[in-house]
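Visitor: got a predicted structure here, sequence first:
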Protein chains: 2
Amino acid sequence: MDAKLGDRVKIVRGTTTYEGVLMPTTTENMVIKLDNGYNIGFDPKKTQIQPIKKREEIKTKAKPPLHQNEDLPLVSILSTGGTIASRVDYRTGAVTSQFTAEDILTAIPELSTIAQYNSQVVYTILSENMRPEYWIKLAQAVHNEIKNGAEGVIITHGTDTMTYTAAALSFMIQTPVPIVLVGSQRSADRPSSDNAINAISAATVATSNIAEVSIVMHATTSDDTCYIHRGTKVRKMHTSRRDAFQSINTQPIATINYPERRITTHIDYTKRGEKKLTLNARLEPKVALIKYAPDANPDVIDHYIENDYKGIVIEGTGLGHVGTDWIPRIKDATEKKIPVVITSQCINGRICDRVYETGRDMLAARIIEGEDLLPEVALVKLMWTLAQTQKPEEIRKIMTTNITGEITPSTTTKFLKK
Amino acid sequence: MDAKLGDRVKIVRGTTTYEGVLMPTTTENMVIKLDNGYNIGFDPKKTQIQPIKKREEIKTKAKPPLHQNEDLPLVSILSTGGTIASRVDYRTGAVTSQFTAEDILTAIPELSTIAQYNSQVVYTILSENMRPEYWIKLAQAVHNEIKNGAEGVIITHGTDTMTYTAAALSFMIQTPVPIVLVGSQRSADRPSSDNAINAISAATVATSNIAEVSIVMHATTSDDTCYIHRGTKVRKMHTSRRDAFQSINTQPIATINYPERRITTHIDYTKRGEKKLTLNARLEPKVALIKYAPDANPDVIDHYIENDYKGIVIEGTGLGHVGTDWIPRIKDATEKKIPVVITSQCINGRICDRVYETGRDMLAARIIEGEDLLPEVALVKLMWTLAQTQKPEEIRKIMTTNITGEITPSTTTKFLKK
């Protein structure tokens, strides 16, 4: 075979011909990246490969000069990695995350009509490698930008763990200006990429009156609407769709129309300047999230106790249940002052107070009811709470009190439901 | 205080008066059950309690005689516990699960116009205490009923783990007749109870042409429609709403209108008599479900390996990712012939093949891609698969092949997505 990595080639498979860039792979199969952004694998021994153009001949477009309008509000763009920050290297087909304000303004010129931008690469990691220490670093960077005059902050983030990061920032920063996380479900090289509209909507929110930590992503599969989700009430609910993000147990804060960029609000929100900038960027990382399933062995609780974990969140069934054999182990944990919070794998709805049978026993074991917290948000909130206090009753109080929109008031709190 | 448990009493709290039955409780507070089914707690030291009627004076209605129409199809009702099978004991207010065909036909007379019924209490357990051994017992009972002439089977089940049981039955039984799981999100004593319409719809499906393991529950918050969900493609998606059950990654098989009982199908389904009755009721219970979250410690994989677990399902992020530090541990497991299946906490959507970075490393670690399996269904399927074979390549093949509607075909299987 003559073709080298990065060359543009044509392959014939059966009656179909594919054209694209030859990509690196570690398997014996080969892969080309098609112009529509998909990759296709094939067996080089069984496939005819026709070189079209050598890697060296493929030129990258020159960048136009960057103009920023100093009359517009100042927005900081902080990059953490992820698809929206990616650029495709057409020589190798590899998606890279080299990213400056210049890169993004070159790619999406409309942004420069909305604000002027500072930018900073806080770190470049895969979203699935996100950790509490990165959340802290990011919170500090956001805090610095706002302190130094940013009138809004945009954080570009991989979509996989974006909601965890949004929750962490929600607890760590009290903000007088919008802090907007944005990403893209399809990389910039795909014709169906959502990155431009998401980024333009994010800039719109960053210069708006909505001074909350929020996530801005496609509202539908069309390119005409984005939602602004509250950072503690949102979940990635689809592996690949552009409208994967959904508000849970609440409405989105608002809808943004594109290209009009009109914001229509749906629920109450914190206004610009309403809160004072404060940073409380401490987290206890040793908190475990355990999902209950029928016959799951409660030994896993001991595993975390033995490994010196400081808190546990359980994703129970229904209104917040676990098998009866879990309850003594939960009691073991709480007696060792390891708080245990119960949430539901139903995702939607509220954990309910109980007076009967296992429910009553769980309360006797001093479990903390996770109200209508998402399991993922309960995890992050418990990390934050354990960095504030070690006193069991204070932990319980913080976990069951709304701090930053993560718990919505119940209409039936006065009633003990069965 | 004069009032005893089971007495009807009135209590005054502030300016509000509540009337109901005094209930058992272990805390120092007391609880009364209101006529609307809610329970309300109060402090007896601070509350005035006025007895209205003694427990002994409260009579239970006499049951009417039971008539069954022998011209109608024969349906078996198998009870496993759960809200739909509950009767409220108005003396104590306690919800009990004593349950016979007579009970249910007395409560819901319309059922006797649809079928004639046999009934059997297979067991009475809280849904959250469900275990693989109960699934096996239930599968055997269902198989027996069909072998003995049942033209349809209704299983009443608590809603918390109903979808796990539906998945288990889907793998263990190949059925020529409908097998319908049904439950209720609100107990029969609540004015908003969904049990009658759910039960009538379940009987309609049990006598229909839809010979699948399905779940029949409210489609909306109104009392006019139920959905028939495929047993392997459904999830409880709300802690308390009557329309909590949703089909995931597929449409519901059909909608049933009430009171017309008209079935409108939405997707292809297996017809009555199309499959031969077979039972394969073996399960390997030692399979773990692990949910990944940022910074989760991969030691938990070792915990399950050390405890002799035979298989692991991971609920990863996005398209099926975990932190890079998990990959060597996954490799440890697969090298010990413990299969590891990756699914997504996004719930909706499909796990995608990958060629890059961590994704490529995960494939090299011999992870099994969970396609569009729900994490809970992947858990049950791996339990079933491990009871069929211990050969890694056979396990991989079964897990990635559609057996009973649990995997929907991908439109892009030919493409390796990034």
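Guide: That came through fine.

Visitor: nearest residue to the residue of the stretch 251-400 of chain A found nearest chain B other than its sequence neighbours?
Guide: Taking CB to the nearest CB, chain B has its nearest neighbour within the stretch 251-400 of chain A at A:Gly349, 3.0 Å off. (Glycine included, C-beta is placed from N, CA and C.) Once flanking residues are discounted, A:Gly349 sits nearest to B:Thr239: 3.0 Å by CB to CB, 6 or more residues apart in numbering or on different chains.

Visitor: one more: A:Tyr304?
Guide: For A:Tyr304, the spatially nearest residue (CB to CB, 6+ apart) is A:Ala288, at 4.5 Å.

Visitor: what does A:Arg366 give?
Guide: A:Thr334 (4.0 Å).

Visitor: ok, the one you found - contacts?
Guide: Contacts for A:Thr334 (CB atoms under 8 Å, 6 or more residues apart in numbering or on different chains) come out as A:340, A:365-367, A:392.

Visitor: what subset of those residues is buried?
Guide: Among these, those scoring as buried are A:340, A:365-367 (criterion: 16 or more other CB atoms under 10 Å in any protein chain shown).

Visitor: CSV please, covering those residues and showing pLDDT and secondary structure.
Guide: Shown next, in CSV, are the buried ones among the contacts of A:Thr334 (pLDDT from 0 to 100; DSSP: H, G, I helix; E, B strand; the rest coil):
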residue, pLDDT, secondary structure
A:Val340, 98, strand
A:Ala365, 93, coil
A:Arg366, 95, coil
A:Ile367, 95, coil
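
Visitor: report how many residues lie close to the residue nearest to A:Gly349.
Guide: 28 (other CB atoms under 10 Å in any protein chain shown).

Visitor: confirm for me that it is in contact with A:Gln345.
Guide: No. In this structure B:Thr239 lies outside contact range of A:Gln345 using CB atoms under 8 Å: 9.5 Å.

Visitor: the helix or strand containing A:Thr165 near chain B at all?
Guide: Per DSSP states H and E, A:Thr165 falls inside helix A:162-172. Yes. Residues of helix A:162-172 contacting chain B under CB under 8 Å from any CB of the partner chain: A:Tyr164.

Visitor: helices and strands of chain A: which one has the lowest mean pLDDT?
Guide: strand A:95-96 (a mean of 50; mean pLDDT, DSSP states H and E).

Visitor: what are the buried residues along the following helix or strand past that strand?
Guide: Going down the chain from strand A:95-96, the next helix or strand is helix A:101-107, by DSSP H and E. Using 16+ other CB under 10 Å as the test for burial, helix A:101-107 gives A:101, A:103-107.

Visitor: need the residues of the stretch 51-200 of chain A near chain B, please.
Guide: The stretch 51-200 of chain A comes close to chain B at residues A:95, A:126-132, A:158-161, A:164, A:187, as judged by CB under 8 Å from any CB.

Visitor: where along the stretch 151-300 of chain A do the helices fall?
Guide: A:162-172, A:195-206, A:299-306 (DSSP state H, counting those that start in this stretch).

Visitor: out of these, nearest to A:Asp43?
Guide: When the helices of the stretch 151-300 of chain A are compared by CB to CB, helix A:195-206 sits nearest A:Asp43, at 33.2 Å.

Visitor: make TSV from the helices of the stretch 151-300 of chain A and add mean neighbour count, mean pLDDT and distance to B:Gly6 to it.
Guide: TSV is the format used below for the helices of the stretch 151-300 of chain A (neighbours: other CB atoms under 10 Å in any protein chain shown; pLDDT from 0 to 100; distance: least, CB to CB, whole Å):
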stretch	mean neighbour count	mean pLDDT	distance to B:Gly6
helix A:162-172	27	98	46
helix A:195-206	26	94	58
helix A:299-306	18	97	37
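
Visitor: any chance of those in CSV, plus distance to B:Leu181?
Guide: Output for these, formatted as CSV (distance: least, CB to CB, whole Å):
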stretch, distance to B:Leu181
helix A:162-172, 32
helix A:195-206, 41
helix A:299-306, 28
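
Visitor: which residues sit in contact with the residue in the stretch 151-300 of chain A that chain B sits nearest to?
Guide: In the stretch 151-300 of chain A, the residue that lies nearest chain B is A:Thr239 (3.1 Å; CB to the nearest CB). Residues in contact with A:Thr239, defined by CB under 8 Å, 6+ apart, are B:318-320, B:344, B:346, B:348-352.

Visitor: good, wrapping up.
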